[in-house]
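A.B. asks: need a structure here:
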Amino acid sequence: MTDERIYPMRLQRFLARAGVASRRGSENLMTAGRVCVNGVVVSELGSKVDPLVDVVTVDGRQVSLADGHIYLVLNKPRGYVSTMSDPHGRPCVKKLVPTTRYPGLFPVGRLDIDTTGLLLFTTNGDAAQRMLHPSMHVWKRYAALVRGVPTAAQIERLRTGVRLDDGRAQPAEAEVLKAGDPRALPVAPEGIPHAHSVVSLRIHEGKKHQVKRMLKAIGHEVVRLHRDTFGPIELGDVALGCWREVTADERKAIEDLVGNRPTRTEDS
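C.D. replies: Numbers count the residues shown, from 1 in each chain. All right, here's what the predicted structure looks like:
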């Protein structure tokens, strides 16, 4: 990615694009005094570097813009928080992905500690930021084991936009899955329990606990929740707690989704 089109950019953006950490994580590294440019500690946010000229190090180790970023898909188990560290000592998803082999990996968004399924990791801070931005409308699909069986009218409320305490949720794609539907297996591996059902919900927003709140708003508490799709990526047959690299087609789909915009002299 290093060519004549790259201009001076903010240091935290450089670090994110180099796969060191997310944009926010890169800012934390700077304020902690762990980043040097040409041998001088740079802690002021907004400082700029020229990737073609300046030598940037983190903890004494030189970093540069990678020729290609890494994208991994994890099937997250229950009981893990979707962060790379936790002040409360809870198990983190960092333990489940190869951070030694791929320094700078971090999760794109989060899943609740009791939610399983697809969690995308990358070293590409720009792509992660764009995929999470509300304007991108990246679709995610979930399977939810709920108490009771939603009526057709309740499912229609999800499809037209159910009202939550922080505003109306955008219309979702929703349906009650039939017994034996493979999409129901992650939340009902031994069959759907009596007086329960499995709802497939596809949304493109990212409100906190959104799926659980949407289903609660129509009167059905979520017992188990699983995500199997995030944008153009599907979980596939990745075993629980395991990961895989994205395919070439999936990588291209991600790049097509976020766009390959030229770097500007003043980045936002």
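
A.B. asks: and the one helix or strand residue 224 maps to, what other elements does it pack with?
C.D. replies: Taking DSSP states H and E as the criterion, residue 224 maps to strand 222-230. The contact analysis (3 or more CB pairs under 8 Å, 6 or more residues apart in numbering; DSSP states H and E) places strand 222-230 against strand 115-122, strand 140-147, helix 210-217. Every residue, glycine included, has its C-beta placed from N, CA and C.

A.B. asks: Of the ones you listed, which is nearest residue 188?
C.D. replies: Nearest of the helices and strands packed on strand 222-230 to residue 188, taken as CB to CB: strand 140-147 at 5.6 Å.

A.B. asks: Helix or strand: which one has residue 176?
C.D. replies: Element membership for residue 176, per DSSP H and E: strand 173-177.

A.B. asks: and that strand, which residues are buried?
C.D. replies: Of all the residues in strand 173-177, those buried under the rule 16 or more other CB atoms under 10 Å are 174, 175, 176, 177.

A.B. asks: Now the residue nearest to the second one when sequence neighbours are not counted. Its backbone dihedrals?
C.D. replies: Read it as residue 175. Among residues not flanking residue 175 along the chain, residue 200 sits closest, at 5.2 Å (CB to CB, 6 or more residues apart in numbering). Here is the backbone geometry of residue 200 (degrees, to the nearest 10): phi -90, psi 130.

A.B. asks: Distance-wise, check residue 200 relative to residue 123.
C.D. replies: For residue 200, the distance to residue 123 equals 31 Å [CB to CB, to the nearest Å].

A.B. asks: and those two? which has more neighbours close in?
C.D. replies: Using other CB atoms under 10 Å as the criterion, residue 200 and residue 123 rank with residue 123 on top: 24 against 18.

A.B. asks: so the more buried one makes contact with residue 70?
C.D. replies: Yes. Applying CB atoms under 8 Å as the test, residue 123 and residue 70 come out as touching, 4.7 Å apart.

A.B. asks: and the spatially most central residue of the chain, what are its phi and psi?
C.D. replies: Nearest to the mean C-alpha position of the chain, by CA atoms, centre = their mean, lies residue 108 at 2.3 Å. When read as degrees, to the nearest 10, the backbone of residue 108 gives phi -90, psi 100.
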